[in-house]
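Trainee: Sharing a model prediction with you, sequence too.
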Amino acid sequence: MGAPEDEKEPETLEDMENIVSELREVYYSGKTRSLQYRLSQLKQLASMLKALRDDYPAAVNKDMKKPEEEIFFTDIRFVDHEIGHTVRHLEEWMSPTKIKTDAAYAADDIHLYPEPRGVVMIFGAWNYPLQLTMIPLIGAIAAGCCAVIKPSELVPYSTSVIVKYFREFMDSDCYRILQGGPDIAMKLMEQRWDHVFFTGSTEVGKKVAAKAAGNLISTTLELGGKSPTIVDDTANVDVAARRICWGKFLNSGQVCIAPDYVVVHKSRKQEFITSVKKYIREFYGDDPSKSPDYARIVNSRNFDRVKKLLESGGKVIFGGKTDEESRYISPTLLDEVSFQSEIMESQNEIFGPIMPILEYEDFTTLLDTLRRREKPLVTYFFTTNKRNIELVQRELSSGTLSVNDTIQFVCIPQLPFGGVGFSGQGRYHGKASFDAFSNYKSVHSKNAGMEFSNDIRYPPYKNSKIKTMLYKLVLYSSDDELSGLSGLKRTLGTALKYSFIAAAVGLLSYKLNLHSLIAGSSIEEFSLGSIQKVKDMISNCTINTN
């Protein structure tokens, strides 16, 4: 089913165009549309995960010295869980969604039909090479798209394993995997995709969005930003320190949803610092460089960037050790930091194992400061105060609000994940991944019969008192206006409105004697009459057989 392992990588713009053209022809053939095909490819992806389990951890370890257990749970198991969830629910997701309408359209078939976007492009990221490439792909397969995926070139060992097994297990007629650096990525962005999914930095995300905008291509951008962590005066500080310590130093801080900095109430700050130091030692020992559970910075360029941030200001109160050869930076705590410090002025995330610890006294002032910064991917909040939770939920905009925990929310497939503003656009995971690669087509299907019910819409419009009356009812007696009435009046008003419409249109279409209907009753009287009066008027009408 897969392509040969030594498949030649495309290099030219023409190569890219040929790939997109081939995929588009397959897409037009309808091959990816059936439930059976989509399920078969999701199961092939699950088989691929089983096959690469022996090779992949060693490859990631070569790239980043990441512990095997962490690789299994955050990469392999994460993707496997997402596949299982999607397989269980895919038939339901593919079904049209019936839309509830008002009574005027009750006889019509109105629904949303999820159709595939088409041929899509997925750019993965290096910090979780498997997860951040395959989770979007699961959504593309589930939605019925054809796809090209490009893993990151910054983790060559990991990427080579992914490419090998992907080409062995996946249907190359519909799904292609390409390798290459920024030059290949830019050539890929010259193509006419039906959707682009990008995971990476905000700066590169802006370039992808700009390129996509030139061809009116929709995008999902999973970016980052500085995710704040608040610890208020009511928090269980020891638990907060443990969970924040794990979330911050996981993968040596190279996680887009890592707590970027911590703001602690002044009265609890020293207690928090003491607890964090305790848990760093508990997790990684007295010398984290010797810990098998502590990762390294991905490459020299990122090592230099994080080291520069470390040296930019603030007081190192724990850690601060670096080794350029092994790209090691120890878990580090910075004190005497403010929102005006250099490490905080940049809106870009630290993406490394440095934890600036700030303090606050007034909660309202803190919220005002945070809301004026760029919107983050996550806001973390540790508290036992329900009122404060409500305040943060209402006042601070972010992709996610996580209360009394870090990172773990991303493992919930039912919870859409994504950023807002500076931290991204669009969401995925679970059904949200299916939605990201689907176009929900609005469908309105009307019965070809009962044409009499449409007489009101056809000109001439003003040759009949009854048409004038109906337009008044439809245009000036909206459901919103009726909703402002009390329960009994609203029920009666709604019944009258639709009784008038149904009765009058029916009478008109069957050529009732309009004179006998209107005679003795003004339009206003007719509009404000009771349902019984309408029934009486109908029963007294005579049919005009001319």
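Mentor: Done, it's in. Every value quoted in this text rests on a predicted model; they were computed, and no experiment measured them.
Trainee: C-alpha only now, for contacts and for neighbours.
Mentor: OK.
Trainee: how close does residue 158 sit to residue 58?
Mentor: With distances taken as CA to CA, to the nearest Å, residue 158 is found 8 Å from residue 58.
Trainee: try residue 217
Mentor: Taking CA to CA, one finds residue 217 at 38 Å from residue 58.
Trainee: and what of residue 10?
Mentor: Residue 10 sits 27 Å away from residue 58, going by CA to CA.
Trainee: Surely residue 312 is within a strand?
Mentor: No. Under DSSP: H, G, I helix; E, B strand; the rest coil, residue 312 falls outside any strand and is assigned coil.
Trainee: How many residues are close by it?
Mentor: 12 (other CA atoms under 10 Å).
Trainee: quick one, what contacts the most centrally placed residue in the chain?
Mentor: For the chain, the residue nearest the mean C-alpha position is residue 427 (0.5 Å; CA atoms, centre = their mean). Shown in contact with residue 427 (CA atoms under 8 Å, 6 or more residues apart in numbering): 220, 222, 416-419, 433, 436.
Trainee: cool, and residue 259?
Mentor: Applying CA under 8 Å, 6+ apart, we find residue 259 in contact with 226-229, 244, 247-248, 380, 406.
Trainee: buried subset of these?
Mentor: 226-229, 244, 247-248, 380, 406 (16 or more other CA atoms under 10 Å).
Trainee: Can you add pLDDT and secondary structure and give these back as JSON lines?
Mentor: Output for these, formatted as JSON lines (pLDDT from 0 to 100; DSSP: H, G, I helix; E, B strand; the rest coil):
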{"residue": "226", "pLDDT": "95", "secondary structure": "coil"}
{"residue": "227", "pLDDT": "97", "secondary structure": "coil"}
{"residue": "228", "pLDDT": "98", "secondary structure": "strand"}
{"residue": "229", "pLDDT": "98", "secondary structure": "strand"}
{"residue": "244", "pLDDT": "98", "secondary structure": "helix"}
{"residue": "247", "pLDDT": "98", "secondary structure": "helix"}
{"residue": "248", "pLDDT": "98", "secondary structure": "helix"}
{"residue": "380", "pLDDT": "98", "secondary structure": "strand"}
{"residue": "406", "pLDDT": "98", "secondary structure": "coil"}
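Trainee: Among those residues, which one sits closest to residue 139?
Mentor: Residue 139 lies nearest to residue 406 out of the buried ones among the contacts of residue 259, by CA to CA, at 24.9 Å.
Trainee: From residue 256, how far off is the closest residue in space to the closest one that isn't next to it in sequence?
Mentor: Ranked by CA to CA, 6 or more residues apart in numbering and with sequence neighbours excluded, the top spatial neighbour of residue 406 is residue 247, at 5.6 Å. Taking CA to CA as the measure, residue 247 falls 11 Å from residue 256.
Trainee: just residue 37 next, same as before
Mentor: Residue 37 is 33 Å from residue 256, by CA to CA.
Trainee: who's more crowded, those two?
Mentor: Remark: of residue 37 and residue 256, residue 256 carries more neighbours, 24 against 15, as counted by other CA under 10 Å.
Trainee: Output the contacting helices and strands for the helix or strand containing residue 307.
Mentor: According to DSSP states H and E, residue 307 maps onto helix 300-310. Under the contact criterion of 3 or more CA pairs under 8 Å, 6 or more residues apart in numbering; DSSP states H and E, helix 300-310 touches strand 328-329.
Trainee: if I pick the closest residue in space to residue 331 that isn't next to it in sequence, what's in contact with it?
Mentor: Leaving aside its sequence neighbours, residue 331 sits nearest to residue 353 (CA to CA, 6+ apart; 5.1 Å). When contacts are counted by CA under 8 Å, 6+ apart, residue 353 touches 248-249, 252-254, 329-332.
Trainee: again, but for residue 418
Mentor: 222, 377, 399-400, 424-428.
Trainee: which one among those residues gets closest to residue 174?
Mentor: Among the contacts of residue 418, residue 428 lies closest to residue 174 (CA to CA), at 21.2 Å.
Trainee: pLDDT below threshold where in this protein?
Mentor: Applying pLDDT under 70 to the chain flags residues 1-8, 11, 462-546.
Trainee: so how far is residue 258 from the residue nearest to the centre of the chain?
Mentor: 18 Å.
Trainee: Flag every buried residue along stretch 356-373.
Mentor: Quick answer for stretch 356-373 (16+ other CA under 10 Å): 356-360, 363, 370.
Trainee: would you list those in a markdown table and tack on distance to residue 27 and secondary structure?
Mentor: What follows is these, written out as a markdown table (distance: CA to CA, whole Å; DSSP: H, G, I helix; E, B strand; the rest coil):
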| residue | distance to residue 27 | secondary structure |
| --- | --- | --- |
| 356 | 50 | strand |
| 357 | 52 | strand |
| 358 | 53 | strand |
| 359 | 55 | strand |
| 360 | 56 | strand |
| 363 | 54 | helix |
| 370 | 46 | helix |
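Trainee: export those residues to JSON lines and tack on distance to residue 16?
Mentor: Formatted as JSON lines, the buried residues of stretch 356-373 follow (distance: CA to CA, whole Å):
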{"residue": "356", "distance to residue 16": "44"}
{"residue": "357", "distance to residue 16": "47"}
{"residue": "358", "distance to residue 16": "49"}
{"residue": "359", "distance to residue 16": "52"}
{"residue": "360", "distance to residue 16": "53"}
{"residue": "363", "distance to residue 16": "53"}
{"residue": "370", "distance to residue 16": "44"}
